[in-house]
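[1] Return a 3D structure for these sequence lines:
(2 chains)
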Amino acid sequence: GENVEQHPSTLSVQEGDSAVIKCTYSDSASNYFPWYKQELGKRPQLIIDIRSNVGEKKDQRIAVTLNKTAKHFSLHITETQPEDSAVYFCADSSASKIIFGSGTRLSIRP
Amino acid sequence: DVKVTQSSRYLVKRTGEKVFLECVQDMDHENMFWYRQDPGLGLRLIYFSYDVKMKEKGDIPEGYSVSREKKERFSLILESASTNQTSMYLCASSSLRSTQYFGPGTRLTVL
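    Next comes the predicted model:
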């Protein structure tokens, strides 16, 4: 069946360094790839998304890259800060259905 | 600003009870979703609805049913709650082919 694999499951980086989270999907019809950030005790919030006609999108310290041929996409956070600590979920969407990755717990070390 | 609300933040029920979780969105979204979130398993889709009175099974529909009588409201029903249904339940809504907006979640404990 369709699935999304997300790696790593946990990630610890020094404050100021970069963090990269990768996802691989299987459905060729997928055309929309959002990333969600979920802080402790709060609901998931969209932080960035990318559509299949674009290879890269950037929003300040956050960027997402998409490789449709290889069916993978990645979240890049530069100059990490303590408030970046959270669980991040990737997702892939086709039609009205969306499939989430299992999440990455990102910790920022001071 | 999109608003998705859920009827309860915390709920404690006993095994065998019938449980209703309500979700309401105010953005006239066509799609609504119910997920459960468990440690190490991420977000798993239980059911979704793309229109009033329409529903589709997600990945883990067993033990659950849903109701969408009005566009803004999507209910998740546990006919006979069991302890393995103890979880965080998240509702979401979206317009067609767009991002999902999540409710605050309901933490359900089944004793």
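
[2] ok now stretch B:55-66, how far from the chain's centre?
    10 Å (Cα atoms, centre = their mean, to the nearest Å).

[3] Please report the distance of the residue nearest to A:Ser18 when sequence neighbours are not counted from A:Asp17.
    The shortest distance from A:Ser18 to any residue that is not its chain neighbour, by Cβ to Cβ, 6 or more residues apart in numbering or on different chains, is 4.9 Å, and that residue is A:Thr78. Where C-beta positions appear, they are placed from N, C-alpha and C, glycine not excepted. Shown here: A:Thr78 relative to A:Asp17, a distance of 9 Å by Cβ to Cβ, to the nearest Å.

[4] Return the residues of chain A in contact with chain B.
    Within chain A, the residues that sit near chain B (Cβ under 8 Å from any Cβ of the partner chain) are A:6, A:9, A:31-32, A:34, A:36, A:42-46, A:49, A:89, A:93, A:95-103.

[5] Now, the residues you listed that are in strands?
    The members of these that map onto strands under DSSP state E are A:6, A:32, A:34, A:36, A:45-46, A:49, A:89, A:93, A:97-100.

[6] Just give the nearest non-adjacent residue to residue 98, would you?
    As the question left the chain open, I've gone with chain A. A:Ala91 (5.1 Å).

[7] wrong chain, I was asking about chain B
    Once its chain neighbours are removed from consideration, B:Ser98 has its nearest residue in A:Tyr32; the separation is 7.8 Å (Cβ to Cβ, 6+ apart).

[8] tally of neighbours for that neighbour?
    The tally of other residues near A:Tyr32 (other Cβ atoms under 10 Å in any protein chain shown) stands at 16.

[9] How about it: which residues does it bridge to?
    Under the criterion DSSP bridges, A:Tyr32 forms beta bridges with A:Arg51, A:Ser93.

[10] can you pull the contacts of it?
    Shown here is A:Tyr32, whose contacts under the criterion Cβ atoms under 8 Å, 6 or more residues apart in numbering or on different chains are A:Asp49, A:Ile50, A:Arg51, A:Ser52, A:Asp92, A:Ser93, A:Ser94, B:Arg97, B:Ser98.

[11] I only care about these that end up buried; give me the ChimeraX line for that.
    Written as a ChimeraX command, the selection of buried residues from the contacts of A:Tyr32, which uses 16 or more other Cβ atoms under 10 Å in any protein chain shown, is:
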select /A:49,50,92,93,94 /B:98
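
[12] Redo the contacts of A:Tyr32 as TSV? Include pLDDT and distance to B:Glu56.
    As requested, the contacts of A:Tyr32 are arranged in TSV below (pLDDT from 0 to 100; distance: Cβ to Cβ, whole Å):
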residue	pLDDT	distance to B:Glu56
A:Asp49	92	23
A:Ile50	92	25
A:Arg51	88	23
A:Ser52	83	23
A:Asp92	86	17
A:Ser93	80	14
A:Ser94	70	13
B:Arg97	62	16
B:Ser98	70	18
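
[13] For the contacts of A:Tyr32, give me JSON lines that also has distance to B:Tyr50.
    Rendered in JSON lines, the data for those read as follows (distance: Cβ to Cβ, whole Å):
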{"residue": "A:Asp49", "distance to B:Tyr50": "20"}
{"residue": "A:Ile50", "distance to B:Tyr50": "23"}
{"residue": "A:Arg51", "distance to B:Tyr50": "20"}
{"residue": "A:Ser52", "distance to B:Tyr50": "21"}
{"residue": "A:Asp92", "distance to B:Tyr50": "18"}
{"residue": "A:Ser93", "distance to B:Tyr50": "13"}
{"residue": "A:Ser94", "distance to B:Tyr50": "13"}
{"residue": "B:Arg97", "distance to B:Tyr50": "11"}
{"residue": "B:Ser98", "distance to B:Tyr50": "13"}
